[in-house]
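> Give me a model of this one.
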Amino acid sequence: MTVVPQPDVSVIIGAYEAMPYLVECLASVEAQTIDPARLEVIAVDDGSTDGTGEYLEEFAARAPMHVTVIRQENSGGPSGPRNVGLGKAAGRYVFFLDADDRLGPEALQRMVAIADENGTDVVLGKVEGVNRIPPKSMWGKTLGRTDVFSSNIKFTLSAQKLFRRELLDRHGMRFDESLFTGEDALFTMEAYLRADGVSVVADYPCYYLVGRDDGKHVTKSGSYTLRFDSARALMKLIDEMVPAGDKRDLLMVRPFLITLLPQFGPKFLKDSDKVRRHKLELAKPLMDAYWTPGVARRLKVHERLRLHLVALQRSDLLLDVVEFVKAKKQAGAILEKRGTRVYLAYPHFRSRTVGVPDDIYLAEPREARAVHGYREAAANSFLRRALRKVRRMLSAKDFKAVA
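From the prediction side, this is the model:
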C-alpha cells in the first residue's frame, strides 16, 4: 500500500463565473516554485454557466499537482465554496485563492517557509493591485512573528492568507454563510486573535489582487445593509474575544473606520432622506454598544466628528461635515495652551447652538504634527525632566568621587 505524503498546502479556490480570469489564476498555481507533490488544489465551481467548471476539469487532468474539482449549485456567496474546500483539505496549511486573482511564483514556498521557521499560524504575503488598490500599511518590513495588536495587520482582513489548518480545525472555524460581504473579515480576525503568532512576508509580492473589467467583483456589489451586517458581526466578535480596554478599542477602529464610516461619506450626500434615516437607525445600536472615547481618539478629527454626529443621530449636521470633507477644504487650525493643543475647525466648531464638545475637534499628535507651531509639550517636558534627573545623578557621583 502506497502512503501518500500529507501536502504542505491546500489551495482552495471558490469560482463563480470566473472566466477568463481563471486562466491566469490557475497558471499562477501551476507556476509555483514549491514542489507540486507538496501541493493540492481544491476548486469549487459554484454553479457557473460561463465554462468555469469545464476549465477547472481540464486543468485537473493536466496539472502536475493533485487537483480536486467539486461542482455545485450556486450558493450565493463566497463562504459556501470556501467551507466546502476547507472540509476536503488535507494540507498542513490552507490558502484561499480567489479565482480572478493570482499568486507570485514563489508565494507558497516563501509563506510555508516563514510559518515553519517561526511556528506561526497565519502568514500574510505582500499584496499588489492590478486595476485595484491593495492594502498598504502592513508591508513596511518582513516580520517573522507579530500579532494583531502590535502591527497594522488588522487593516487587511481578506481571506487570501496562509492559515495553519490545525488552528482552524481545533476551533471549528468556518466562514459565516449568512454574511454576503465581510465574511472574510470575520474569519481572519478570529484567526489573528486565536493564532500563536502571525508572520508577514513584505519583501516579495505574493498575491496580485485583480480588478475585474466586468464589474462582477463581489466587493463592488450589494446593498448598503450588507455593510452594516458586516460591521455588526465584526464588532460583536471583537467584543466577545477581547476584554474592554485599549486592546479592544484598537481593534474596533477597523470596523468603525473601514466598514461603517464609508456609509457616512460622499455617498451619504446622494442618498434619499429615507435611506439616510435608515442608515442612522442601523448605526445607532452599534454606536451605543461599541463607540468609546478610546476608539474616538484613535481617529482623525473629521472621522471622529462624523461618527460622533452619527451617534447623536444628527443627519443635518453630518451633511455639513460631509460636504466640507468632500470639497477637500482645509479645516482651520486653532492653537491653544502655548501651541500644545491644536483644534481643527471643521463645521460647527464651538457653535453654541450645536454644542459639540471641543474634544471632538482636538487633533491627536499624529495629526497635529502637520500644523505649523504645534509643540508636543508633554513629551518634551518629560524628556527634559529625565535629562535633568540623569545630570543630577551624574553630578552626585562626581561629587562622591571627589569626596
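
> ok, which stretches of the stretch 151-300 of the chain are strands?
Remark: strands assigned in the stretch 151-300 of the chain by DSSP state E, counting those that start in this stretch are 162-164, 198-210.

> helices and strands around the shortest one, which ones?
With contacts defined as 3 or more Cβ pairs under 8 Å, 6 or more residues apart in numbering; DSSP states H and E, the secondary structure elements packing on strand 162-164 are strand 93-98, helix 107-118, strand 122-130. (C-beta placed from N, C-alpha, C; glycine too.)

> Dump these into TSV; add distance to Ala289 as well.
TSV is the format used below for the helices and strands packed on strand 162-164 (distance: least, Cβ to Cβ, whole Å):
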stretch	distance to Ala289
strand 93-98	30
helix 107-118	36
strand 122-130	28
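
> which of the ones you listed sits most buried?
When you average the neighbours per residue for each of these (mean count of other Cβ atoms under 10 Å), strand 93-98 leads with a mean of 25.

> what packs against it?
Under the contact definition 3+ Cβ pairs under 8 Å, 6+ apart, strand 93-98 sits against strand 9-15, helix 21-30, helix 79-88, helix 107-118, strand 162-164, helix 165-170.

> quick one: low-confidence parts of the stretch 1-150 of the chain?
For the stretch 1-150 of the chain, applying pLDDT under 70 flags the ranges 1-4.

> re earlier: the helices and strands packed on strand 162-164: which one's closest to Glu183?
Nearest of the helices and strands packed on strand 162-164 to Glu183, taken as Cβ to Cβ: strand 93-98 at 11.1 Å.

> Which neighbours in the sheet does that closest one have, and how are they oriented?
Applying DSSP bridges, strand 93-98 is found paired with strand 9-15 (parallel), strand 162-164 (antiparallel).

> I'd like the strands of the stretch 151-300 of the chain laid out as TSV, including distance to Ile12, mean neighbour count and mean pLDDT.
Output for these, formatted as TSV (distance: least, Cβ to Cβ, whole Å; neighbours: other Cβ atoms under 10 Å; pLDDT from 0 to 100):
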stretch	distance to Ile12	mean neighbour count	mean pLDDT
strand 162-164	10	25	98
strand 198-210	14	21	97
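
> Using JSON lines, lay out the ones you listed together with distance to Trp139.
As requested, those are arranged in JSON lines below (distance: least, Cβ to Cβ, whole Å):
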{"stretch": "strand 162-164", "distance to Trp139": "16"}
{"stretch": "strand 198-210", "distance to Trp139": "4"}
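
> quick one: the strands in the stretch 301-403 of the chain?
For the stretch 301-403 of the chain, the strands defined by DSSP E, counting those that start in this stretch cover 332-336, 341-345.

> okay, the residue lying closest to Phe268 once chain neighbours are set aside: pLDDT?
Leaving aside its sequence neighbours, Phe268 sits nearest to Val322 (Cβ to Cβ, 6 or more residues apart in numbering; 5.6 Å). Among the per-residue scores, Val322 holds a pLDDT of 98.

> for Val322, what are its contacts?
Counting by Cβ atoms under 8 Å, 6 or more residues apart in numbering, Val322 makes contact with Phe264, Gly265, Pro266, Phe268, Leu269, Arg306.

> try Leu209
Asp101, Val127, Glu128, Gly129, Val130, Arg132, Pro134, Gln160.

> how does it look with 6 Å?
Leu209 is in contact with Asp101, Val127, Gly129, Arg132, Pro134, counting by Cβ atoms under 6 Å, 6 or more residues apart in numbering.

> circling back to that earlier point, for Ile13, find the nearest of the helices and strands packed on strand 162-164.
Using Cβ to Cβ, the nearest of the helices and strands packed on strand 162-164 to Ile13 is strand 93-98, at 5.1 Å.

> any idea which helix or strand comes after that closest one?
Downstream of strand 93-98, the first helix or strand assigned by DSSP states H and E is strand 102-103.

> what's that following strand packed up against?
helix 21-30 (3 or more Cβ pairs under 6 Å, 6 or more residues apart in numbering; DSSP states H and E).

> Could you look up the next helix or strand downstream of the helix it packs on?
Using DSSP H and E, the helix or strand that directly follows helix 21-30 along the chain is strand 39-46.

> Helices of the stretch 201-350 of the chain, residue ranges please.
With DSSP state H, counting those that start in this stretch as the criterion, the stretch 201-350 of the chain has helices at 224-241, 246-254, 266-270, 273-290, 293-296, 301-312, 315-326.
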